[in-house]
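Trainee: Okay, structure incoming, though there's no sequence with it:
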């Protein structure tokens, strides 16, 4: 089974992506990582996904904005077979996709 980390897993795209990964029978360990300014705490997303009827272990990881990622990502990323990064910043008023 695979270890997968979703960096940005508590955001609007990251949550459904994390759900899909949690439902995949090939995923045995799922890590949800996000910053402390995410709309939902990563631990909350992990707790919700922990209720899936699957044998996948789920854990949430959070990092304060401005901190050194190397100090917060080691446990989360060590041994990962796949790292997905849907993280981003929402558009500001007046911004377009152009």
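Mentor: Noted; the coordinates are in hand. Please read all numbers here as calculations on a predicted model, not as lab measurements.

Trainee: Can you give me the end-to-end span of stretch 44-54?
Mentor: By Cα to Cα, to the nearest Å, the extent of stretch 44-54 from end to end equals 18 Å.

Trainee: Quick one: distance of the lengthiest helix in the chain to the chain centre.
Mentor: Longest helix in the chain by number of residues (criterion: DSSP state H): helix 14-23. Helix 14-23 has its C-alpha centroid displaced from the chain centroid by 9 Å (Cα atoms, centre = their mean, to the nearest Å).

Trainee: Any buried residues in the very next helix or strand once past that helix, and which?
Mentor: Sequence-wise, the next helix or strand downstream of helix 14-23 (DSSP states H and E) is strand 27-35. Of all the residues in strand 27-35, those buried under the rule 16 or more other Cβ atoms under 10 Å are 27, 29-35. For glycine as for every other residue, the C-beta is placed from the backbone atoms N, C-alpha and C.

Trainee: ok so, going back, please spell out which residues along the longest helix of the chain are buried.
Mentor: 14-15, 17-19, 21-22.

Trainee: Same list (the residues you listed) but as TSV, adding distance to residue 53 and pLDDT.
Mentor: TSV is the format used below for the buried residues of helix 14-23 (distance: Cβ to Cβ, whole Å; pLDDT from 0 to 100):
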residue	distance to residue 53	pLDDT
14	22	94
15	18	95
17	19	96
18	16	96
19	13	95
21	15	96
22	10	94
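
Trainee: Quick one: mean pLDDT for stretch 33-43?
Mentor: For stretch 33-43, the mean pLDDT works out to 90.
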